[in-house]
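Enquirer: Let's see this in three dimensions:
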Amino acid sequence: MTYDREERNMSSTGLEDSSVIVTGAGSGIGRAAALLFAQEGAKVVVADLNGEAAKAVVAEIQEAGGTAVVVTGDLSDPAVVDQVVATAVDTFGGLDVLVNNAGIMDQMSGTADVSDAEWERVIRVNLTAPFLLTRAALPHMLAKGKGAIVNTASEAALRGSAAGTAYTVSKHGIVGLTRSVAVMYRNAGIRANAIAPGGTKTGIVVNADPAAHGPQTIGAYMQNVGRPAEADEQAAAIVFLASDAASNINGVVLPVDNGWAAV
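Expert: Coordinates of the predicted model:
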């Protein structure tokens, strides 16, 4: 995805000059979202574990006339979380939008087969890190009297047949976090929503034994996935939910899945 800063139309989004954090922004949905926010005139913190990938996204934004900075690190580390939020606040003068997009897949393990290491890593990255980022971001949004948080959940947040136990639980947890924040802070001008992507063309790695119980069981339900989305299609939903066009949308989990959730 590329853009010409001079050709963008920012009349309805309200995102121009806003300060935005996008995690997992070095590739896939996060990269597409970071580019689209920049196209709308936002100033973007590109946060990713892969420093080279994140720097490439920042360079792409800057070459097109946009504004972006990079923060590299593991978001399951509270020190990195603090650095990401501080970078947005110190560099861009505050924080308007937080996109909790970074995540990892599990090994499609059934509950009886989930190791402690698999469980703890998936929950830490997919659920604890977004909680830590949200908790760190909220005081800055509350000080401004407004803010938008968009979380990347998953089709696995809507059912029990789209991933292994650890990933499924982590994404159900993201839905709970989204709705709790929406209720707790709606009277303070804060909105929290989530997208629930179906199959999407990204570089996320699924390291699963196809002969194991989990993949064997889940495979029977995969015929309903439908056409995989492009990362840009997921990004469009994220930017919409963060924008003024969604000003009265709060606590919503939006499937972006070509109708999979309807099957």
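
Enquirer: Tell me how far the closest residue to Val263 other than its chain neighbours lies from Glu230.
Expert: Leaving aside its sequence neighbours, Val263 sits nearest to Asn224 (Cβ to Cβ, 6 or more residues apart in numbering; 4.4 Å). Placement of C-beta: from N, CA and C, glycine included. Note on Asn224: its distance to Glu230, by Cβ to Cβ, to the nearest Å, is 19 Å.

Enquirer: Ok, Lys43 next?
Expert: Applying Cβ to Cβ to Lys43 and Glu230 gives a distance of 25 Å.

Enquirer: which of those two has more neighbours?
Expert: Taking neighbours as other Cβ atoms under 10 Å, Lys43 and Glu230 compare with Lys43 leading, 22 against 15.

Enquirer: That one against Ala68, yeah?
Expert: Yes - shown here, Lys43 and Ala68 form a contact pair, counting by Cβ atoms under 8 Å, at 7.0 Å.

Enquirer: for this protein, what spans make up the strands?
Expert: 19-23, 43-48, 67-72, 97-100, 147-152, 190-197, 253-256 (DSSP state E).

Enquirer: Mind putting those into JSON lines with mean pLDDT and distance to Ser115?
Expert: Putting those into JSON lines (pLDDT from 0 to 100; distance: least, Cβ to Cβ, whole Å) gives the following:
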{"stretch": "strand 19-23", "mean pLDDT": "98", "distance to Ser115": "25"}
{"stretch": "strand 43-48", "mean pLDDT": "98", "distance to Ser115": "26"}
{"stretch": "strand 67-72", "mean pLDDT": "98", "distance to Ser115": "28"}
{"stretch": "strand 97-100", "mean pLDDT": "98", "distance to Ser115": "25"}
{"stretch": "strand 147-152", "mean pLDDT": "98", "distance to Ser115": "25"}
{"stretch": "strand 190-197", "mean pLDDT": "98", "distance to Ser115": "26"}
{"stretch": "strand 253-256", "mean pLDDT": "97", "distance to Ser115": "29"}
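
Enquirer: Quick check: which of the ones you listed is nearest to Leu177?
Expert: strand 147-152 (6.8 Å; Cβ to Cβ).

Enquirer: Which strands and helices lie in contact with that closest one?
Expert: Packed against strand 147-152 by the contact rule (3 or more Cβ pairs under 8 Å, 6 or more residues apart in numbering; DSSP states H and E) you find strand 97-100, helix 129-144, helix 165-185, strand 190-197, helix 231-242.

Enquirer: any low-confidence regions in the stretch 151-263 of the chain?
Expert: 205 (pLDDT under 70).

Enquirer: residues contacting the spatially most central residue of the chain?
Expert: Most central in the chain under Cα atoms, centre = their mean is Asn101, positioned 1.8 Å from the mean C-alpha point. Counting by Cβ atoms under 8 Å, 6 or more residues apart in numbering, Asn101 touches 22-25, 29-30, 33, 151-152, 238.

Enquirer: ok, now Asp113?
Expert: Counted by Cβ under 8 Å, 6+ apart, Asp113 has contacts 212-214.

Enquirer: of the residues you listed, closest to Ser18?
Expert: Gly214 (40.9 Å).

Enquirer: end to end, how far does stretch 15-25 reach?
Expert: 18 Å (Cα to Cα, to the nearest Å).

Enquirer: from the chain's centre, how far out does that stretch sit?
Expert: With Cα atoms, centre = their mean, to the nearest Å as the basis, stretch 15-25 stands 11 Å off its chain's centre.

Enquirer: ok so, going back, what pLDDT does the model give the residue nearest to the centre of the chain?
Expert: Here the pLDDT value assigned to Asn101 is 98.

Enquirer: Contact partners for Thr67?
Expert: 38, 43-44, 61, 92.

Enquirer: again, only this time at 10 Å
Expert: 17, 19, 38, 41-44, 58, 61, 91-92 (Cβ atoms under 10 Å, 6 or more residues apart in numbering).

Enquirer: residues near the closest residue to Glu52 other than its chain neighbours, how many?
Expert: Leaving out its chain neighbours, the residue that sits closest to Glu52 by Cβ to Cβ, 6+ apart is Gly26, at 8.0 Å. Gly26 has 26 neighbouring residues, counting by other Cβ under 10 Å.
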